[in-house]
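> Predicted model follows, preceded by the sequence.
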Amino acid sequence: MPADLTTTYLGLTLECPLVASSSPLTGKLESLRALAEQGVGAVVLPSLFEEEVANGDGPPSDALWHADEHAGEAASYMATVDRDHLDAYLDLVRDARRELEIPVVASLNGVTPGGWTRTAELLQEAGADAIELNVYAVETDPYASGASIEERMLRLVLAVRREVRVPLAVKLSPYYTAFANVAHRLTDARVDGLVLFNRFVQPDVDIGAIEVAPGFELSRPEELRVALRWLAILRGRVDVSLAATGGIHTTEDAVKAILVGADVVMTASALLREGIGRLGDIRTGLAAWLDEHETSLAVARGRLSQIACGNPRAYERAQYVETVGAANAMR
Ligand SMILES: Cc1cc2nc3c(=O)[nH]c(=O)nc-3n(C[C@H](O)[C@H](O)[C@H](O)COP(=O)(O)O)c2cc1C
């Protein structure tokens, strides 16, 4: 009998710990169905961006907004929304919910704790099983302190938390001075999960044209390392679900993330590069790995977390000192 892959993520029961993260593949019904056929545990829809719903000059809509206690505020917010874009996104949530028998996570992407966060309730009403809030930001203001940026992020999270009853996950970058503390404070803000990590799109420079180039490329497996470290450190220290994203291309990558403590592993680049069938391959490979090692997901998960691994220094400065020291000694 193949290994049991049943997983709990954000309080939801998933048939397996593989999740298709936000990408163009989760934005179309055809590819969503194909992902379900490959045995994906849940899907995260592409993001609805703050910039897309907080601007525009569409007319207010009675049908779209039903919040009672903030009715006045809500109406003024809805007066500024790009209605077509929002409606198309809500249709995607409804269609995906109707078509798929797996959890559908809607994704909101923004940085400002403003009226746009009311969109979260619309996503919930449209049938989203959970919401993933992506707080991608590039902080360029030399006068904004790290503390003030963290406060703003927490206010945003609290604003979205207030809007919905469905589980809320936050997708974060690793670029915080004290990441463990940020994770702890998000737990206090009653988020249900942390998605580690947001992948920053870094600009490149075209030296022929002498201009800045977008520099977008799909991920590589080496990128998983940063998430491996923080999943390992947080496992058992914060009482929320943990998702790994960034560099999961193969069964080996998925197993590594689970061993350090991920509840679920997410993929996007591998599926875009290799095709949706890659998801089924990873799923089959994960079950085979569990069989081969005569273990279960519950036992394997977190076995190499910092608390459990027997070598906590491996995740700290000590590892850096040892590794760099050894490399220097070889010269
Ligand atoms: C083409 C493309 C579009 C993406 N769009 C979104 C998005 O809308 N929202 C989001 O949170 N992440 C988005 N991502 C990020 C992925 O969900 C994922 O976190 C990231 O690519 C790292 O995982 P990977 O190494 O498996 O690709 C996108 C990634 C790709 C490649």
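Sure, I can see it. Residues are numbered from 1 along each chain as shown.
> how about the helices in the chain?
29-37, 50-53, 71-78, 83-99, 119-125, 146-163, 179-188, 224-234, 251-260, 269-274, 277-292, 297-300, 317-329 (DSSP state H).
> in the sheet, who's paired with residue 264?
residue 243 (DSSP bridges).
> Assess the claim that it and residue 243 are in contact.
Yes. Using C-beta atoms under 8 Å, residue 264 is in contact with residue 243, at 4.8 Å. Where C-beta positions appear, they are placed from N, C-alpha and C, glycine not excepted.
> Looking at the helices of the chain, spot the one closest to the ligand.
Within these, the stretch nearest the ligand is helix 269-274; the backing value is 3.1 Å (C-beta to the nearest ligand atom).
> The closest one and the ligand in contact?
Yes. Helix 269-274 reaches the ligand (C-beta under 6 Å from any ligand atom) through 269, 270, 272.
> I'd say the second one and residue 251 touch.
Right, residue 270. No. Here residue 270 does not reach residue 251: they are 10.8 Å apart, not a contact under C-beta under 8 Å.
> Need the overlap of contacts for these two.
When contacts are counted by C-beta atoms under 8 Å, 6 or more residues apart in numbering, residue 270 and residue 251 are jointly contacted by residue 282.
> Show me which of the two is the more surrounded one.
Set side by side, residue 270 and residue 251 show more neighbours around residue 270, with 22 against 18, by other C-beta atoms under 10 Å.
> what's the closest non-adjacent residue to that one?
Residue nearest to residue 270 in three dimensions, not counting chain neighbours: residue 249, with 4.0 Å by C-beta to C-beta, 6 or more residues apart in numbering.
> residues near that neighbour, how many?
Neighbourhood size, residue 249 [other C-beta under 10 Å]: 21.
> Also residue 331?
Neighbours of residue 331 under the rule other C-beta under 10 Å: 4.
> how near is it to the ligand?
Distance of residue 331 to the ligand, given as C-beta to the nearest ligand atom, to the nearest Å: 33 Å.
> Convert stretch 213-233 to PDB, retaining C-alpha atoms only.
Output in PDB follows, covering the C-alpha atoms of stretch 213-233 (Å, rounded to 0.1, in the frame of the first residue of the first chain):
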ATOM      1  CA  ALA A 213      16.600  44.800 -17.600                       C
ATOM      2  CA  PRO A 214      13.800  43.000 -15.800                       C
ATOM      3  CA  GLY A 215      16.000  40.000 -14.900                       C
ATOM      4  CA  PHE A 216      13.200  37.500 -14.300                       C
ATOM      5  CA  GLU A 217      14.100  33.800 -14.400                       C
ATOM      6  CA  LEU A 218      12.700  30.600 -12.900                       C
ATOM      7  CA  SER A 219      14.200  29.300  -9.700                       C
ATOM      8  CA  ARG A 220      17.100  26.800  -9.200                       C
ATOM      9  CA  PRO A 221      17.100  24.100  -6.500                       C
ATOM     10  CA  GLU A 222      20.000  25.800  -4.600                       C
ATOM     11  CA  GLU A 223      17.600  28.600  -3.700                       C
ATOM     12  CA  LEU A 224      15.800  26.200  -1.300                       C
ATOM     13  CA  ARG A 225      18.700  26.500   1.200                       C
ATOM     14  CA  VAL A 226      17.500  29.700   2.800                       C
ATOM     15  CA  ALA A 227      14.100  28.200   3.500                       C
ATOM     16  CA  LEU A 228      15.600  25.000   4.800                       C
ATOM     17  CA  ARG A 229      17.500  27.000   7.500                       C
ATOM     18  CA  TRP A 230      14.500  29.000   8.600                       C
ATOM     19  CA  LEU A 231      12.000  26.100   8.500                       C
ATOM     20  CA  ALA A 232      14.400  24.100  10.700                       C
ATOM     21  CA  ILE A 233      14.800  27.000  13.100                       C
END
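> buried stuff in that stretch?
Using 16 or more other C-beta atoms under 10 Å as the test for burial, stretch 213-233 gives 219, 221, 223, 224, 226, 227, 228, 229, 230, 231, 232, 233.
> Tell me which residues touch the nearest residue in space to residue 34 that is not next to it in sequence, please.
Counting by C-beta to C-beta, 6+ apart, residue 34 lies nearest to residue 276, which is 4.7 Å off, once chain neighbours are set aside. Neighbouring residues of residue 276 by C-beta under 8 Å, 6+ apart: 25, 31, 34, 35, 38.
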